[in-house]
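# Starting from these lines, generate the structure:
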Amino acid sequence: MLRLGLLGGPLDASHHADELDAETGLPVEVQHLQSSFILEGLLRAELGLIASDTLGLAVGLEVPLRMFDTTIRYVDDQGHDVPIAGDDVHHRNETLVGLGDPLLELRGAWTLDQWTLEARLGLRLPVGRTEPDPFAAGTAGVAHQHFQFGTGTFDPLIALSVAHAMDDVTLALWAETRQVLYQNGHGFQAGDRYAVGLTAISSLGVADVRFIVGADLQHEAAERWNGVVPSDDGNRGRTDVLGAFGVVWSPSDASWLGLTARVPFYTHVVGGQLDYPLLIELAVGGTLDLRAKVDAKGKDQDAPKSPPEDPARPTITDITDIADIADIGPAGSAAALVPVLGKVTVFDFHAPWCGPCKALDAELRALAEAHPDDLAIRRLDVVDEDSEAWRAYLAPGGHSLPHLRVVGRDGTPLWQRTGTPDDLVRALEALLDPSR
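The predicted structure follows:
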């Protein structure tokens, strides 16, 4: 999986300080008004290590590139600009660009029916540039910089989430923490971070689109310099409650484009910190199948492949009298997956060599006969891993057989998954009869 994200927004900060008026030479209390804009690019690559019907394991690397643009004004209590002596000591009008701390991460997920439990263990690597103690430099009247591109320390990250997929809504509850265990070579120790949130995802009946709404609570502890929390400025702790609103478009199973806005509804800060009215993230990503062509289903590699189908063969055949069951083809082709409006449509991907597929076929036929007016089964023989059908519908998501795609009565994609016949049939029964 490859993902590129751009996150940015305006930032503002202010604090009072005693300065010297550059024109009169007299002490004056002024307010430092800092207007900034931050833009962060995040490049993430993830490689799957284990993929089965219920378990997945992957290792990932995320590299941030940050740009920080800032301008500063000094004003008196009347809002008038005041020229101060040594105005480049505390702040400067400037643009800073540099790498942040990359994240090396191990991610695992376990799925059972409609539930998914995910855990992430990560380590932030001290690559981002850090600055010497700005408070000591300010006291000495030496030009200094408060903006840190990283922490200068190896910081562990732990995250957990649990998600439940319902008819057309998936709810996810998640929690994450980043711990800073020691100070860096400049005596700087960033504050620990904690976050917890709830997210809802739904297509709202729109094909290939998912809408996201969520809320999260974030807390950052105070920073320390040589073991001491700053008393008059800097990050002395903050708490934010944010809302998230987004939309993700998936032109194919292997790619997506997303836009998310994050708005703070409540903020409590201690000290002179940056406030942000809005953060916007644009992300694009996709998956690639890098697996070797290895047969994991016990298929006889020397057995002849299914013979090519007659191009004149109808796209849909063999609709039974008892139930709405049909084959689409030709076999091995990337035939169009056209749902039956007014019914739940199940696209069943199978192959003659797949034993579990035969067991699933019997279960699906029985289910279709029990729901003749509400369930349509459309079967596609994918032949093998070299076919157009496999490359189009299974390979992009790392799927295997048996595999089902389910589309709602209004044509909205509901879910797709690889699993055992029992698991897949139970999921369908719950969809057709929610009271089960």
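
# wait, what's in contact with residue 275?
Each residue near residue 275 by Cβ atoms under 8 Å, 6 or more residues apart in numbering is listed here: 11, 12, 13, 264, 267, 269. C-beta here means a position set from N, CA and C on the backbone, and glycine is covered the same way.

# And it, how close does it get to residue 115?
Look at residue 275 and residue 115: by Cβ to Cβ, to the nearest Å, they are 38 Å apart.

# hey, where'd the strands end up in the stretch 201-350 of the chain?
Listed in chain order, the strands of the stretch 201-350 of the chain (DSSP state E, counting those that start in this stretch) span 209-220, 224-225, 238-252, 255-269, 279-286, 316-317, 324-328, 344-350.

# So for residue 389, what pLDDT did the model give?
Per-residue pLDDT puts residue 389 at 91.

# what about it, which SS state?
Three-state assignment for residue 389 (DSSP: H, G, I helix; E, B strand; the rest coil): helix.

# What about the closest residue to it other than its chain neighbours? Give its phi and psi, please.
If the residues on either side of it in the chain are set aside, residue 389 comes closest to residue 382, at 4.1 Å by Cβ to Cβ, 6 or more residues apart in numbering. Phi and psi for residue 382, reported as degrees, to the nearest 10, are phi -90, psi -10.

# Give me the domain ranges for the chain.
Domain assignment for the chain by automatic domain parsing gives 2-286, 316-432.

# hey, which of the ones you listed is tucked in deepest?
By mean neighbour count, with neighbours taken as mean count of other Cβ atoms under 10 Å, domain 316-432 ranks first of these at a mean of 18.

# Run through the residues that contact the nearest residue to residue 340 once chain neighbours are set aside.
Distance criterion Cβ to Cβ, 6+ apart; nearest residue to residue 340, sequence neighbours excluded, is residue 376 at 4.0 Å. Residue 376 is in contact with 324, 325, 326, 339, 340, 343, 344, 345, 346, 368, counting by Cβ under 8 Å, 6+ apart.

# Need the three-state assignment for residue 376.
Recorded secondary structure, residue 376: strand (three-state DSSP).

# Can you list the strands that the longest strand seen in the chain pairs with?
If you go by DSSP state E, the chain has its longest strand at strand 27-51. Using DSSP bridges, strand 27-51 pairs in its sheet with strand 2-20 (antiparallel), strand 55-75 (antiparallel).

# between that strand and strand 279-286, how big is the angle?
20 degrees (axes from the mean of the first three to the mean of the last three Cα atoms, to 10 degrees).

# Residue 286 and residue 44, how far apart?
Computed as Cβ to Cβ, the residue 286 to residue 44 distance reads 12 Å.

# Mean pLDDT lowest where, among the strands paired with strand 27-51?
Looking at the strands paired with strand 27-51, the lowest mean pLDDT belongs to strand 2-20 (a mean of 85).

# Residue 357: what's its closest spatial neighbour, skipping adjacent residues?
residue 350 (3.8 Å).

# mind checking how far the one you found is from residue 379?
Taking Cβ to Cβ, one finds residue 350 at 6 Å from residue 379.

# what do these two both touch?
residue 361.

# where's the nearest residue to residue 182 once chain neighbours are set aside, which helix or strand?
Sequence neighbours aside, residue 153 is the residue nearest to residue 182 in space, at 5.9 Å (criterion: Cβ to Cβ, 6+ apart). Residue 153 is part of no helix or strand, with elements assigned from DSSP states H and E.

# ok, now how distant is residue 153 from residue 230?
Distance, residue 153 to residue 230, by Cβ to Cβ: 18 Å.

# ok, now residue 74?
20 Å.

# likewise residue 216?
Distance, residue 216 to residue 230, using Cβ to Cβ: 27 Å.

# With residue 361 instead?
Counting by Cβ to Cβ, the gap from residue 361 to residue 230 is 68 Å.

# Residue 216 contacts residue 264, correct?
No: using Cβ atoms under 8 Å, residue 216 is not in contact with residue 264, being 10.4 Å away.

# what touches both of the two?
Taking Cβ under 8 Å, 6+ apart as the contact rule, residue 216 and residue 264 both touch 241, 242.

# in the stretch 101-250 of the chain, which spans are helices?
Using DSSP state H, counting those that start in this stretch, the helices of the stretch 101-250 of the chain run over 134-139.

# low-scoring stretches of it, by residue?
232-233 (pLDDT under 70).

# Let's see that with 90 instead.
Applying pLDDT under 90 to the stretch 101-250 of the chain picks out residues 111-116, 131, 133-148, 164-170, 202-210, 229-238, 250.

# Against residue 196, how distant is the closest residue to residue 176 other than its chain neighbours?
Once flanking residues are discounted, residue 176 sits nearest to residue 159: 3.9 Å by Cβ to Cβ, 6+ apart. Per Cβ to Cβ, residue 159 is found 10 Å from residue 196.

# Check residue 99 too.
Relative to residue 196, and taking Cβ to Cβ, residue 99 is found at 28 Å.

# And for residue 17?
In this view, residue 17 and residue 196 are 35 Å apart by Cβ to Cβ.

# and if you look at residue 179?
15 Å.

# what's the answer for residue 149, then?
27 Å.

# Likewise for residue 416?
Computed as Cβ to Cβ, the residue 416 to residue 196 distance reads 30 Å.

# What about residue 429? Give its phi and psi, please.
Residue 429 adopts backbone torsions of phi -60, psi -40, taken as degrees, to the nearest 10.
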